[in-house]
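Colleague: Provided below are the primary sequence and the corresponding predicted coordinates.
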Amino acid sequence: MYQDVILDHYKHPQGRGLRDGDAEVHHVNPTCGDEITLRVKLDGETIEDVSYEGQGCSISQASASVLFELLVGKELADARKVQELFLELMQSKGQLEPDDAMEEVLEDAVAFAGVSKYPARVKCALLSWMAWKDATAQALSGDGAKETA
Amino acid sequence: MTVQLPGLLDTEAIRKDFPVLDRTVHDGKKLVYLDNAATSQKPRQVLDVLNEYYERHNSNVHRGVHVLAEDATALYEGARDKVAGFINAPSRDEVIFTKNASESLNLVANMLGWADEPYRVDRGTEIVITEMEHHSNIVPWQLLAQRTGAKLKWFGLTDDGRLDLSNIDEVITEKTKVVSFVLVSNILGTLNPVEEIVRRAQEVGALVVIDASQAAPHMPLDVQALQADFVAFTGHKMCGPTGIGVLWGRQELLEDLPPFLGGGEMIETVSMHSSTYAPAPHKFEAGTPPIAQAIGLGAAVDYLTGIGMENIQAHEHAITEYAVRRLLEVPDLRIIGPTTAEDRGAAISFTLGDIHPHDVGQVLDEQGIAVRVGHHCARPVCLRYGIPATTRASFYLYSTPAEVDALVDGLEQVRNFFG
């Protein structure tokens, strides 16, 4: 489960720290106390930045770092495809063996395939991704603007 | 080499009673079960009684005149007698069966919300709890406070994991109607000073509720010596099945206080306009109760009594003393709670440097060691000590010094892995 890629991201998180954003959300995983505050900044249909601050286990923290690397700079439509594929992988209960096509889309995120075998940890891996989805929806509806003020 | 400590039980014999302790996990690793504060394992003696009940006597209780109905009723009420003896209750009618300690505590909170004077919790009155409560002894009182307008107050904690009673006269006042606190903390392990709190509560005429969930399995429990008004605990942490809890209450209170759940079993007569209620404990046991589970709890009480609660307490004290000492040898390990075995139970929470407890628990699990990680349904305690969560090892009558050693070795591996 603890692939080197995951431990690398955990020890050297990419994009960590809160920066300017269009919307901010705070998500928690109540069973274990993992928390993340995440901001999304959009430039039209492009994701200009995703910034975050949080505390939690190696899985939740590494997942946020991978998310930053994967999504920043992408068009929203492409980013949603990545998010949906990652969700599918995490909900696969270890049944899904990542192939080359999947690896091309998910890159480092395929390292989380093993986590999907541990029901208690799937929520850790998905925490930042659910926060990103929520923040993006808020940014697009304009609701989030006041929350980052 | 086997570590010998004074006061240890014959765990080799005891472990034979618990089939699950024989199982291996993760490709042949010996199971080291250190999650006893979450739930205990069940001895063969309890499992057999459950099976026999369903195979030979299954029926509903307190109705029907046939043999099975009489068997089931006698076994169910027999379990009540056993529990009453186990906690030294003055009367068997003071023992109410619930489904768990949470239900027991919710039941008291609701009795007091609907009660007449002098017990009624209402606007202008105060409820007192502590910062080390399990959520099950926080949320029912928050709900009661919100619904009635009463004020919720609490005792804070000292840095070494004990109750801060320095301001006891300001916290418990003439306005206080009820003081509810945990006897042994599920997260810190702290054994609380009952006498001092009860004395102050009695001075102001407040009722005292004690959550004994982490005490009943581990030490002799005497409700008369505690001098409380209500004592709650659960069966599954003391070798019994899940789905059975106990609320003990003083008889005169149970007579005066109103029922909470209505239904079959709890009535005397019913018309379309009104009903009268059965005497306690049945007044508080609406509907078909957890019959097999109560009988299973009775068997658990027999099992524990056979070994002797004093002996179990001495065994756990020895294990806890050893575990505290060994854990403190682990670099970067910080015990959250008392750092000695004095006035503490056998649940030990700790942090390990910056390594998140989830990761600690996962790497321990890979070695066959089962611990609990998270905030243990006591999030205010984590907030108080500025930590997101803890890893908790908790011991019971079948725990051995070798299992403590396995935990310490396992933590060394965790440190190597994430270090």
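Modeller: Looks like it came in fine. Numbering: from 1, shown residues only, chains lettered A, B, ... in the order given.

Colleague: domains of chain B?
Modeller: B:11-30+B:308-417, B:47-306 (automatic domain parsing).

Colleague: Turn these into TSV, columns for mean pLDDT, mean neighbour count and distance to residue A:62.
Modeller: C-beta here means a position set from N, CA and C on the backbone, and glycine is covered the same way. As requested, the domains of chain B are exported to TSV (pLDDT from 0 to 100; neighbours: other C-beta atoms under 10 Å in any protein chain shown; distance: least, C-beta to C-beta, whole Å):
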stretch	mean pLDDT	mean neighbour count	distance to residue A:62
domain B:11-30+B:308-417	95	19	11
domain B:47-306	96	19	27
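
Colleague: Could you report the neighbour count for the residue in chain A that chain B sits nearest to?
Modeller: Residue of chain A nearest chain B, by C-beta to the nearest C-beta: residue A:57 (3.5 Å). Applying the criterion other C-beta atoms under 10 Å in any protein chain shown, we find 28 residues in the vicinity of residue A:57.

Colleague: which residues does it contact?
Modeller: A:32, A:34, A:121, A:124, B:356-359 (C-beta atoms under 8 Å, 6 or more residues apart in numbering or on different chains).

Colleague: now, which of the residues you listed lie within strands?
Modeller: Judged by DSSP state E, the contacts of residue A:57 include residue A:34 as members of strands.

Colleague: of all the contacts of residue A:57, which comes closest to residue B:304?
Modeller: residue B:357 (30.3 Å; C-beta to C-beta).

Colleague: show me the contacts for that closest one.
Modeller: A:32, A:57, B:351, B:373-374, B:388-391.

Colleague: how would you label the closest residue to it other than its chain neighbours: helix, strand or coil?
Modeller: Leaving out its chain neighbours, the residue that sits closest to residue B:357 by C-beta to C-beta, 6 or more residues apart in numbering or on different chains is residue B:373, at 3.9 Å. Three-state call for residue B:373 (DSSP: H, G, I helix; E, B strand; the rest coil): strand.

Colleague: Between which two of the contacts of residue B:357 is the distance greatest?
Modeller: A:32 and B:351 (13.7 Å).

Colleague: Remind me what the helix or strand in which residue B:317 is found packs against, helices and strands.
Modeller: Taking DSSP states H and E as the criterion, residue B:317 maps to helix B:309-328. Helix B:309-328 sits against strand B:333-336, strand B:347-352, helix B:401-418, with contacts defined as 3 or more C-beta pairs under 8 Å, 6 or more residues apart in numbering or on different chains; DSSP states H and E.

Colleague: Let me see the contact set for the residue of the stretch 151-300 of chain B found nearest chain A.
Modeller: Among all residues of the stretch 151-300 of chain B, residue B:187 sits closest to chain A, at 12.3 Å; criterion: C-beta to the nearest C-beta. By C-beta under 8 Å, 6+ apart, the contact set of residue B:187 is B:132, B:134, B:336-337, B:347, B:349, B:375-376, B:378, B:381, B:390, B:392.

Colleague: Just give the nearest non-adjacent residue to residue B:385, would you?
Modeller: In space, residue B:385 is closest to residue B:336, 5.6 Å off (C-beta to C-beta, 6+ apart).

Colleague: Touching, that neighbour and residue B:351? I think so.
Modeller: Yes - taking C-beta atoms under 8 Å as the definition, residue B:336 is a contact partner of residue B:351 at 6.6 Å.

Colleague: So for the two, which residues contact both of them?
Modeller: Residues touching both residue B:336 and residue B:351 (C-beta under 8 Å, 6+ apart): B:387, B:390.

Colleague: Which strand or helix spans the spatially most central residue of chain A?
Modeller: Centroid check for chain A by C-alpha atoms, centre = their mean gives residue A:129 as the closest residue, at 3.4 Å. Using DSSP H and E, residue A:129 falls within helix A:119-141.

Colleague: on contacts alone, who are the packing partners of that helix?
Modeller: Partner elements for helix A:119-141 (3+ C-beta pairs under 8 Å, 6+ apart): strand A:23-29, strand A:34-43, strand A:46-55, helix A:58-71, helix A:76-90, helix B:357-366.
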